[in-house]
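Trainee: Compute the structure for the input listed below.
(chains A and B)
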Amino acid sequence: MITMGPREEADMSNPALRLWRAIPGASRRTRRIWVVLAFAGFPLVNLGYLGLVQTGRLSQTVWAPIAIVLFAATLAGVFAIYGYARDRASMTADLDEREQRIRDEAWIRAYGFLSTVVVAGVAILVLIASGSGRVSIGMDVLTPVAIALGLYLPILPSAMLAWAEPDVASDDAEEPRPAPAGSRDA
Amino acid sequence: MTRRPATPIHNRIAVLRAERGLSRQDVADALGINYQTVGYIERGEYNPSLDLAFAVAEFFELPLEAVFSPRPFEPMSSRLYGRAPSDDGAGAVT
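Mentor: Predicted structure coming up:
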């Protein structure tokens, strides 16, 4: 029989702590939703503002709550991704050889994703420049790009880990479970 | 990510654990690895490095070839009693 001490009982009654502890057990489907929320929310806030509010199609009053919801979804996604990966995506984490391989693969995917985004961005700028002859980028574009870099770059390997890591096998889910005392014959 | 190896290394870790009444956590603690890694190796979903394979064999106090093999292991029952494994593979230990 498993008994809980006063500290464990206090922890279990704290919803925030319960949520934090439940995050690492999330299924891959749930984790992928977090990644989509994190990486789609902030760009949608900016694209929506540029495409709908600045062009006068939507008033700021209507757009504000939508933007708040999208940005909150981004922050929730980032929090969940960080809560899932914890320090497992860190290059200095104490991991075994399988975990190190998973982490290295996550970093390789992150670099691949980043390279694709950078190449696509430069290609778009080149296309615009070849059409109009010049490209001018104002602070209204640079500011969200800088925020996105600060928001997404640090969590990119963690997001790749959360996106790609398989679900815990059913026979692993029961662990850790120490063998009953006295049952060992070795 | 963590794709199943093209050529899985067969092992007897699950049988050896059961014989000794050890959980994956016990083995993992002794080897300094995550208990899930023990599960991945047992299921043939991860091929351990030579270092780790030797550490596992040493932990069970057996030669390497008694714990790991590139080919499926002969079932213990047929080895002990000379009984051929049943067609449906029931009770087969790999």
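
Trainee: which element follows the longest helix seen in chain B toward the C-terminus?
Mentor: Across chain B, the longest stretch assigned as helix under DSSP state H is helix B:50-59. Next along the chain after helix B:50-59, taking DSSP states H and E as the criterion, comes helix B:64-67.

Trainee: by how many degrees do the helix ranked longest in chain A and helix B:50-59 diverge?
Mentor: Assignment by DSSP H gives helix A:97-132 as the longest helix of chain A. Per axes from the mean of the first three to the mean of the last three Cα atoms, to 10 degrees, the angle that helix A:97-132 makes with helix B:50-59 is 160 degrees.

Trainee: Identify each buried residue in helix A:97-132, please.
Mentor: A:98, A:99, A:102, A:103, A:105, A:106, A:109, A:110, A:113 (16 or more other Cβ atoms under 10 Å in any protein chain shown). For glycine as for every other residue, the C-beta is placed from the backbone atoms N, C-alpha and C.

Trainee: Identify the residue nearest the fourth one in space, chain neighbours excluded?
Mentor: On the basis of Cβ to Cβ, 6 or more residues apart in numbering or on different chains, the spatially nearest residue to residue A:103 that is not a chain neighbour turns out to be residue A:89, at 5.8 Å.

Trainee: Does anything pack onto the helix or strand just after the longest helix of chain A? Which helices or strands?
Mentor: Sequence-wise, the next helix or strand downstream of helix A:97-132 (DSSP H and E) is helix A:139-152. Counting contacts by 3 or more Cβ pairs under 8 Å, 6 or more residues apart in numbering or on different chains; DSSP states H and E, helix A:139-152 is packed against helix A:28-48.

Trainee: tell me the mean pLDDT over the helix it packs on?
Mentor: The predicted model assigns helix A:28-48 a mean pLDDT of 95.

Trainee: next one: that helix to chain centre, how far?
Mentor: Here helix A:28-48 is found 8 Å from its chain centre; the criterion is Cα atoms, centre = their mean, to the nearest Å.

Trainee: buried stuff in whatever helix or strand comes next after it?
Mentor: Going down the chain from helix A:28-48, the next helix or strand is helix A:60-85, by DSSP H and E. By neighbour count on 16+ other Cβ under 10 Å, the buried set for helix A:60-85 is A:63, A:66-67, A:70, A:73-74, A:77-85.

Trainee: Run through the residues of chain B sitting next to chain A.
Mentor: When proximity is defined as Cβ under 8 Å from any Cβ of the partner chain, chain B approaches chain A at B:1-2, B:19-26, B:32-37, B:39-40, B:43, B:45-46, B:48-49, B:51-52.
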